[in-house]
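Trainee: I would like the atomic coordinates for the input below:
(one chain, ligands or ions: 1)
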Amino acid sequence: MINLKSVLDKKTESKLSPLQRRQVLQGIAAMSVGSMVLPPSFAHAARLNRITDVRMWTAPDHTRLVFDLERNTRHQLLQLRNPNRLVVDLMDSVAGVDPATMGFSDPIVNRVRSGIPRPGIIRTVFELKTGIKPRSFFLKASGEKPPRLVVDLVRVEGKSKTPGDQPVSHDRTASRDAVVVIDPGHGGIDPGAVGLNGTKEKDVALQVAKRLARKINSMDGFKAELTRKGDYFVSLRDRVSVARNHQADLFVSLHANAFRLQSAKGTSVYMLSEGGKPSPDKAIRRLEQRENSSDLIGGVKLSHVADPTVRGILMDLTQRDSLNRALVYGKKLLGELKDTPQVNIHFKKVKQAGFAVLKAPDMPSILVELAFLTNKREERLLRNDSHQNALASALAAGTKKFIRATGLA
Ligand SMILES: [Zn+2]
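Mentor: Predicted structure coming up:
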């Protein structure tokens, strides 16, 4: 049995029944995109399949992929074009090795990525140099050899180049786009910050959000949803509900800042603080108060877990996992914003604060203060079409990099 002491404090851990332990382990297996590789005892304890090795063989007319498993498990293949990719999902599995670290030189496969798109699914994405026809089959354990999933990528010439994204799925639970929920701050009776020339935060946030949504929707494998599409009030709770209903993979809230000194300027990227605690920084605390206008957020996606102890532990761990991912996401956004013309960076690092709209524990959530409306130059920029576009491009690029790195799309 795995030692849960590495993730839980001693007191909590010692009180768990064997069933509770297993439920916690299963919950953990569903997280941890950043630290995918789990020890053998882990999969065993959670009763999941564990991928122990992945290999690639090159034949003249095809390339063969072999996944070594601990037990037979469901899988699905999804073929995507423009660019050509084959997605292999192994269900009810954890990774004992990271498929993306496999070394190879192959005439068909260009690059391998991996990730956890949904709880308990290990996804490997093969980026291809050419059109293929995939076929797959299971091999039972024999002698020294473990159960294996074999996937052949059979080269097809010419014909495969036809455009159109017709996914070829072997399973009804076909893969879906990565869903990014964009949240334009404020709206309706709540204007948010107001600039020196009367520019309202709610308006610029919506304009940039719409541009960002268009860019994300034009990216292959991505879908954007907005928490509001016009000038009306949406409670913070409802914003998070929208994200939940769409099963968002990412949540990004867009705002514009204000300060009593006109000299304050720049873009900042925020994630939730540990436990949603208020920031020790006075200026950030004032910002928290403004952004947390009306309501508190409750409820988690773990409602299927009946045991309150297990649910509490998993909620805690889920939040920790989401925070880890939000940090990675925030860094990608900052990296892109830094390289955007006219953009000043206010804080060089992803800042933590107690923003209520970031409190959904089950998805990485980020809040971006695009610029200061109380700074003359930045207010003008925020109204400018091409600058709004540049901001949206940076945010789209950072989103794409984050999602690609997790193998989700
Ligand atoms: Zn705001």
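Trainee: if I look at the residue in the chain that the ion sits nearest to, how far off is residue 368?
Mentor: The ion sits closest to residue 255 of the chain, with a gap of 3.4 Å, by C-beta to the ion. Any C-beta I mention is one placed from the backbone N, CA and C, and that applies to glycine too. Applying C-beta to C-beta, to the nearest Å, the value for residue 255 to residue 368 is 7 Å.
Trainee: which residues sit in contact with the residue of the chain closest to the ion?
Mentor: Residue 255 makes contact with 185-186, 192-193, 201, 205, 291, 367-370 under the criterion C-beta atoms under 8 Å, 6 or more residues apart in numbering.
Trainee: the same query, at a cut-off of 7 Å, please.
Mentor: Residues near residue 255 by C-beta atoms under 7 Å, 6 or more residues apart in numbering: 185, 192, 201, 205, 291, 367-370.
Trainee: the longest strand along the chain pairs with which strands, parallel or anti?
Mentor: Ranked by residue count under DSSP state E, the longest strand found in the chain is strand 49-58. Sheet pairing of strand 49-58 (DSSP bridges) gives strand 62-69 (antiparallel), strand 93-95 (parallel).
Trainee: quick check: mean pLDDT across that strand?
Mentor: Per-residue pLDDT over strand 49-58 has a mean of 88.
Trainee: can you name the residues in contact with that strand?
Mentor: The contact list for strand 49-58 (C-beta under 7 Å, 6+ apart) reads 40, 43, 63-71, 73, 90, 92-97, 99, 102, 104, 106-107, 109, 122, 146.
Trainee: again, but for stretch 191-206
Mentor: Contacts of stretch 191-206 (C-beta under 7 Å, 6+ apart): 184-187, 190, 231, 254-258, 373-374, 376, 379, 382-383.
Trainee: could you list which of those residues belong to strands?
Mentor: Among the contacts of stretch 191-206, DSSP E puts 184, 254-257 in strands.
Trainee: are any of these buried, and which?
Mentor: If you count burial by 16 or more other C-beta atoms under 10 Å, the buried members of the ones in strands among the contacts of stretch 191-206 come out as 184, 254-257.
Trainee: before we move on, the earlier item: give me the subset of the contacts of residue 255 touching the ion.
Mentor: 185, 192, 291 (C-beta under 5 Å from the ion).
Trainee: grab the nearest non-local neighbour of the last one.
Mentor: Here the nearest residue to residue 291 in space, its sequence neighbours aside, is residue 355; by C-beta to C-beta, 6 or more residues apart in numbering that works out to 5.4 Å.
Trainee: distance of the one you found from residue 333?
Mentor: 15 Å.
Trainee: swap in residue 190?
Mentor: Distance of residue 190 to residue 333, computed by C-beta to C-beta: 24 Å.
Trainee: with residue 397 instead?
Mentor: Per C-beta to C-beta, residue 397 is found 9 Å from residue 333.
Trainee: higher neighbour count, these two?
Mentor: residue 333 (23 against 19; other C-beta atoms under 10 Å).
Trainee: if I look at the residue lying farthest from the centre of the chain, what pLDDT would I see?
Mentor: What lies farthest from the middle of the chain is residue 143; by C-alpha atoms, centre = their mean that is 40.5 Å. pLDDT for residue 143: 87.
Trainee: and for residue 377?
Mentor: Looking at residue 377, its pLDDT stands at 97.
Trainee: how about it, what does it touch?
Mentor: By C-beta under 7 Å, 6+ apart, no residues touch residue 377.
Trainee: returning to what we had before: tell me which of the strands paired with strand 49-58 sits most buried.
Mentor: strand 93-95 (a mean of 26; mean count of other C-beta atoms under 10 Å).
Trainee: how far is it from where the chain is centred?
Mentor: 18 Å (C-alpha atoms, centre = their mean, to the nearest Å).
Trainee: number of residues surrounding residue 83?
Mentor: 10.
Trainee: same question for the one 3 residues further on.
Mentor: The local packing count at residue 86 equals 23, with neighbours defined by other C-beta under 10 Å.
Trainee: now the one 10 residues further on
Mentor: Applying the criterion other C-beta under 10 Å, we find 22 residues in the vicinity of residue 96.
Trainee: that one and residue 230: what is the separation?
Mentor: Here residue 96 is placed at a distance of 49 Å from residue 230 (C-beta to C-beta).
Trainee: run through the protein and note the low-pLDDT ranges.
Mentor: Low-confidence segments of the chain (pLDDT under 70): 1-7, 28-47, 117-119, 157-176, 293-306, 406-409.
Trainee: near the ion, which residues of it?
Mentor: Residues of the chain lying near the ion (C-beta under 5 Å from the ion): 185, 192, 255, 291.
Trainee: returning to that earlier point: which of the ones next to the ion among the contacts of residue 255 sits closest to residue 241?
Mentor: For those, the residue nearest residue 241 by C-beta to C-beta is residue 185; the value is 16.2 Å.
Trainee: nearest residue to the closest one other than its sequence neighbours?
Mentor: Excluding its sequence neighbours, the residue lying closest to residue 185 (C-beta to C-beta, 6+ apart) is residue 255, at 4.1 Å.
Trainee: likewise for residue 266?
Mentor: Counting by C-beta to C-beta, 6+ apart, residue 346 is the residue found nearest to residue 266 once chain neighbours are left out, at 3.1 Å.
Trainee: what helix or strand is the closest residue to residue 340 other than its chain neighbours on?
Mentor: Counting by C-beta to C-beta, 6+ apart, residue 394 is the residue found nearest to residue 340 once chain neighbours are left out, at 4.5 Å. Element membership of residue 394, judged by DSSP states H and E, is helix 385-406.
Trainee: for that helix, packing partners?
Mentor: Counting contacts by 3 or more C-beta pairs under 7 Å, 6 or more residues apart in numbering; DSSP states H and E, helix 385-406 is packed against helix 201-217, helix 308-338.
Trainee: buried residues, the longest one. List them.
Mentor: Put plainly, it is helix 308-338. 310-311, 313-315, 317-319, 321-334, 336-337.
Trainee: stretch 108-127 too?
Mentor: Along stretch 108-127, these residues count as buried under the neighbour rule (16+ other C-beta under 10 Å): 108-109, 112-117, 120-126.
Trainee: what's the first-to-last distance across it?
Mentor: 9 Å (C-alpha to C-alpha, to the nearest Å).
Trainee: what does stretch 325-339 rub up against?
Mentor: Applying C-beta under 7 Å, 6+ apart, the contact partners of stretch 325-339 are 33-34, 250, 267, 269, 271-272, 343, 345, 350, 364-366, 368, 394-395, 397-398, 401-402.
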